[in-house]
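>>> Need a 3D model of the sequence below.
(one chain, ligands or ions: 1)
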Amino acid sequence: MDIFEKYRGLIARHDRMLEAAGDPFNVCMERLISPTEAIIDGKRTILFGTNNYLGLTFDPHCIEQSAAAVREQGTGTTGSRIANGTYKSHRDLETEIAGYLGKRTALVFSTGYQANLGTLVGLAGPDDIILIDADSHASIYDGCKLTGATVIRFRHNNPADLDKRLARIENKEQVKLVVVEGIYSMFGDMAPIAEFVDVKKRHGAFLMVDEAHSFGVSGDHGRGVAEAEGVEADVDFVVGTFSKSLGAIGGYAASDHPDFDTLRFVSRPYMFTASPSPATAASVRAALECMRDRPELRTRLWENARRIHQGLEALGFETCSPASPIIALRMSDEVAALTAWRRLLDHGIYVNLAVPPGTPNGVCLLRCSVSAAHSNAQIDEILRRFGEVASEILTVADAG
Ligand code: PMP
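Sure, this is the predicted structure:
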């Protein structure tokens, strides 16, 4: 039997997509013009689906620092953190992240995906129980598999359901780790972290929060939803990424636990992969400075998010959450979503097409994300273009 036989169904589905709308999962940015514009299919396109929340990918300070690091330290570290890949810049970055978050220890990982894998597998083992929100990101699901722990899913953003499931655990001595996200990547909704804190305390569980989409976005200092809810001290482990608000790549995990450094010699996704490049470490540090010194970026991001949210609702679109930098529009099915996605791209607006298995509960979405770098004129243009395709999109969406 052919080794790809198991994918025949998926390949056929992909072929149908290609025929109908081109490949939504292989869009090529032929040239970047700014954090919010690129040339796609030879055409100037507004980027409205890139997680570039603070618009820092072209920030002159980040670029300067990154370029200087390449010149001074070379293009790559050529090794893992436990071999030749720990540079002073990694140590400095970890100190800065820990300081920014007010946590005792921070570890830097090569991607946000690995930060989740590495933290979960470092914390939990076969004797433990992990309780995860049903809408968790793939990296949380994958990390859980690596641990060998018993995994229990609770209903999305539902502390009462978590409470019920924790109460059912008979062996009170077993280690229990609850995992939630700050802002959820598909619908843009926020976790009620203060309520989760109450529940985890009642049951003597640990709490890990992935602030991938909320770092730089939520809280007065951008530390995430736990900051916004005033419960940072009760979050035992916080994970995040450098690939969204900070405009680079890499991830972090931080904690006040006195033994958290143990992950450095037990967590394989930390140990057995090359460390972030010097340019990455430098641009992340520069971006952290921007995040700290320019709170107006966050203000602008939320102003843009509210304008877009109101504008889309006024056009008749149903958004999946209250105003948030992630705006998801539910489509009736894959064909409707694909058609709408293509129409928008043809009109010079790039958004993400999100379909199963990448979405919770099999929903099909147009997933949009706002940036502080979107100008008023770009927002007007985005809304104008959505307005032009609205009748078509809303008709196909309603048909389901
Ligand atoms: N956690 C969440 C909630 C995410 O949405 C993502 C990326 N979309 C990640 C982790 C992984 O981050 P990265 O892309 O930086 O590897």
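>>> Next, count neighbours for the residue in the stretch 51-200 of the chain that the ligand sits nearest to.
Taking CB to the nearest ligand atom, the ligand has its nearest neighbour within the stretch 51-200 of the chain at residue 112, 2.4 Å off. Any C-beta I mention is one placed from the backbone N, CA and C, and that applies to glycine too. Using other CB atoms under 10 Å, residue 112 is surrounded by 24 other residues.
>>> Start at 16, not 1
All right, first residue 16 from here; so that's residue 127.
>>> need the contact list for it.
Contact analysis of residue 127 by CB atoms under 8 Å, 6 or more residues apart in numbering lists 154, 227, 254, 255, 256, 257, 258, 259, 265, 266.
>>> now do 7 Å
227, 255, 256, 258, 266 (CB atoms under 7 Å, 6 or more residues apart in numbering).
>>> what's the most distant pair in those residues?
Among these, the pair separated by the greatest distance (CB to CB) is 255 and 258, at 9.7 Å.
>>> Tell me which of these two has more neighbours.
residue 255 (30 against 19).
>>> Quick check: beta-bridge partners of the more buried one?
residue 267 (DSSP bridges).
>>> list the contacts for it?
127, 226, 227, 230, 266, 267 are the contacts of residue 255 under CB under 7 Å, 6+ apart.
>>> And the residues you listed, which is closest to the ligand?
Using CB to the nearest ligand atom, the contacts of residue 255 come closest to the ligand at residue 127, 2.4 Å.
>>> Name the nearest residue to that closest one, ignoring sequence neighbours.
Sequence neighbours aside, residue 256 is the residue nearest to residue 127 in space, at 2.8 Å (criterion: CB to CB, 6 or more residues apart in numbering).
>>> circling back: pLDDT and distance to residue 209 added to the contacts of residue 255, as TSV?
What follows is these, written out as TSV (pLDDT from 0 to 100; distance: CB to CB, whole Å):
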residue	pLDDT	distance to residue 209
127	98	24
226	98	15
227	98	20
230	98	18
266	98	24
267	98	23
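>>> how near is residue 148 to residue 55?
Residue 148 is 34 Å from residue 55, where distance means CB to CB, to the nearest Å.
>>> cool, and residue 290?
From residue 290 to residue 55 the distance is 33 Å (CB to CB).
>>> Any residues of the stretch 216-365 of the chain in contact with the ligand? List them.
225, 227, 228, 256, 258, 266 (CB under 6 Å from any ligand atom).
>>> neighbours of residue 23, just the number please.
10.
>>> Show me what the host helix or strand of it is packed against.
If you go by DSSP states H and E, residue 23 is part of helix 23-36. Contacts defined by 3 or more CB pairs under 7 Å, 6 or more residues apart in numbering; DSSP states H and E place helix 23-36 against helix 349-361.
>>> can you map out the strands along the stretch 166-315 of the chain?
Under the criterion DSSP state E, counting those that start in this stretch, the stretch 166-315 of the chain contains strands at 191-196, 221-225, 252-256, 266-270.
>>> Distance from the second one to the middle of the chain?
Read that as strand 221-225. 15 Å (CA atoms, centre = their mean, to the nearest Å).
>>> Repeat that for the first one.
Using CA atoms, centre = their mean, the mean C-alpha position of strand 191-196 is found 16 Å from that of the whole chain.
>>> Name the surrounding residues that touch it.
138-139, 143-148, 151-152, 155, 177, 181, 184, 206, 208, 211, 215, 218, 220-225, 227.
>>> Verify the stated contact: residue 358 with residue 404.
Yes: taking contacts as CB atoms under 7 Å, residue 358 lies within contact range of residue 404: 4.6 Å.
>>> measure stretch 118-127 end to end?
Taking CA to CA, to the nearest Å, stretch 118-127 runs 18 Å from one end to the other.
>>> what mean pLDDT does stretch 356-368 have?
Mean per-residue pLDDT for stretch 356-368: 96.
>>> May I see the buried residues of that stretch?
356, 357, 358, 359, 360, 362, 363, 364, 365, 366, 367, 368 (16 or more other CB atoms under 10 Å).
>>> Could you dump those residues into TSV with distance to residue 394 added?
As requested, those are exported to TSV (distance: CB to CB, whole Å):
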residue	distance to residue 394
356	20
357	22
358	19
359	15
360	18
362	15
363	14
364	11
365	15
366	14
367	18
368	21
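>>> which of these lies closest to residue 342?
Checking these one by one against residue 342 (CB to CB), the nearest turns out to be residue 366, at 9.0 Å.
>>> Let me know how buried the residue lying closest to that closest one once chain neighbours are set aside is, in neighbour terms.
Counting by CB to CB, 6+ apart, residue 366 lies nearest to residue 64, which is 4.2 Å off, once chain neighbours are set aside. As a burial measure, residue 64 scores 22 neighbours (other CB under 10 Å).
>>> ok, and what's touching stretch 394-412?
61, 63, 319, 322-323, 326-327, 330-331, 346-347, 351, 354-355, 358-359, 362-364.
>>> Is stretch 200-210 in proximity to the ligand?
Yes: for stretch 200-210, a contact with the ligand is found by CB under 6 Å from any ligand atom, at residue 200.
>>> And the helices in the chain, which stretches?
All helices of the chain, identified by DSSP state H, fall at 23-36, 75-88, 103-116, 127-138, 153-162, 174-182, 208-217, 240-243, 278-281, 283-286, 293-308, 311-329, 349-361, 391-414.
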